[in-house]
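Undergrad: Pasted the sequence and its predicted model underneath.
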Amino acid sequence: MTISDTRRLAAGDTLVLASHNAGKLAEFSALLAGHGVTLVSAGQLGLPEPEETADSFAGNAALKARAAATASNLPALADDSGLCVAALDGAPGIYSARWAGPAKDFPAAMARIHAGIGGNPDRAAWFISVLCLAWPDGTLRTFEGRIDGRIAWPPRGGNGHGYDPVFQPVGEARTFAEMPEAEKNAISHRALAFVRFRDDCLPPAHP
Ligand SMILES: O=P(O)(O)OP(=O)(O)OP(=O)(O)OC[C@H]1O[C@@H](n2cnc3c(O)ncnc32)[C@H](O)[C@@H]1O
Ligand SMILES: [Mg+2]
């Protein structure tokens with residue numbers, strides 16, 4: 001076993017969230033509550049947003065985490081995530097942010113998904129989150145979470161972010177955007193990956 005397999009954050013440590021997405025920052029702040037770790041975002045530190053040039057969620061998560069850990073000399077956690085649609089052969093997948101463009105036009109990206117599915121009765125979709133914890137020495141840990149569901153149309157709900165208004169988890173009548181933050185945070189792809197990260201890398205939580 002290498003050092004990177006066992007290293008944990010300690011209470012009082014600062015963890016950089018290697019993300020420029022305000023929705024993710026809100027979710028991670030809630031998930032980390034009580035663990036005694038101080039979260040600062042890459043945006044708050046003025047770190048640049050690296051280009052996501054890898055061809056996988058894990059590759060892009062590693063690239064973002066490494067860049068932030070190196071620049072800040074602190075441990076950094078990145079999330080690379082996306083919505084995969086069965087009828088679109090898994091698209092937009094790692095291109096989920098790029099489908100919304102620089103203007104972050106999610107209504108347009110959701111309409112593109114809806115149009116792509118067309119009359120196909122298969123509306124299955126899933127969200128993936130891959131978390132990567134990078135230490136300043138370059139060592140990495142990776143954790144994955146997935147939640148299955150379907151594409152709802154028209155978009156519904158005002159909570160959450162990104163594609164939440166069209167994602168309806170299996171067994172749920174509401175979309176993610178119709179669920180309170182705490183309910184989404186109990187079942188989401190990001191929450192499932194976070195639990196794995198928490199068990200291996202965080203100090204125990206104190207209420
Ligand atoms: O790379 P960072 O800076 O973390 O921020 P980003 O928004 O670019 O994030 P990604 O590269 O991981 O792209 C993920 C895309 O998938 C969307 N997405 C991921 N998780 C989501 C969730 O829980 N609900 C809705 N949309 C989500 C998100 O809005 C992005 O457009
Ligand atoms: Mg991104």
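TA: Great, that's in hand. Ligands and ions are numbered 1, 2, ... in the order given.
Undergrad: and the longest helix anywhere in the chain, average pLDDT?
TA: Criterion DSSP state H: the longest helix present in the chain is helix 57-72. Here helix 57-72 scores 98 as its mean pLDDT.
Undergrad: to the chain's geometric centre, what's the distance from the next helix or strand after it?
TA: Using DSSP states H and E, the helix or strand that follows helix 57-72 in sequence is strand 76-85. In terms of Cα atoms, centre = their mean, to the nearest Å, the centre of strand 76-85 is found 4 Å from the chain centre.
Undergrad: For the helix or strand immediately after strand 76-85 in the chain, name the packing helices and strands.
TA: As assigned by DSSP H and E, the chain's next helix or strand after strand 76-85 is helix 96-100. Applying 3 or more Cβ pairs under 8 Å, 6 or more residues apart in numbering; DSSP states H and E, we find helix 96-100 packed against strand 76-85, helix 106-117. From N, CA and C alone the C-beta is placed, and that goes for glycine too.
Undergrad: Out of the ones you listed, flag the one nearest Thr142.
TA: Evaluated over those, closeness to Thr142 peaks at strand 76-85, with 9.8 Å, by Cβ to Cβ.
Undergrad: hey, C-alpha coordinates of the closest one in PDB?
TA: C-alpha atoms of strand 76-85 as PDB (Å, rounded to 0.1, in the frame of the first residue of the first chain):
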ATOM      1  CA  ALA A  76      -7.700  19.800  -3.600                       C
ATOM      2  CA  LEU A  77     -10.900  18.000  -4.500                       C
ATOM      3  CA  ALA A  78     -12.300  18.100  -8.000                       C
ATOM      4  CA  ASP A  79     -15.600  16.900  -9.400                       C
ATOM      5  CA  ASP A  80     -16.100  16.000 -13.000                       C
ATOM      6  CA  SER A  81     -19.600  15.100 -13.700                       C
ATOM      7  CA  GLY A  82     -22.200  15.000 -16.400                       C
ATOM      8  CA  LEU A  83     -25.600  13.700 -17.600                       C
ATOM      9  CA  CYS A  84     -25.600  10.700 -19.900                       C
ATOM     10  CA  VAL A  85     -28.600   9.900 -22.000                       C
END
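Undergrad: quick check: angle from it to helix 57-72?
TA: Calculated by axes from the mean of the first three to the mean of the last three Cα atoms, to 10 degrees, strand 76-85 forms an angle of 150 degrees with helix 57-72.
Undergrad: got the residues of this structure near ligand 1?
TA: Contact residues, the chain versus ligand 1 (Cβ under 6 Å from any ligand atom): 19-21, 24, 49, 52, 64, 79-83, 96-97, 100, 127, 160-164, 176, 188, 190.
Undergrad: I would like a ChimeraX command selecting only the buried ones among these, please.
TA: This is the ChimeraX syntax for the buried subset of the residues of the chain next to ligand 1, where burial follows 16 or more other Cβ atoms under 10 Å:
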select :19,21,24,52,64,79,80,81,82,83,96,97,100,127,160,161,162,163,164,176,188,190
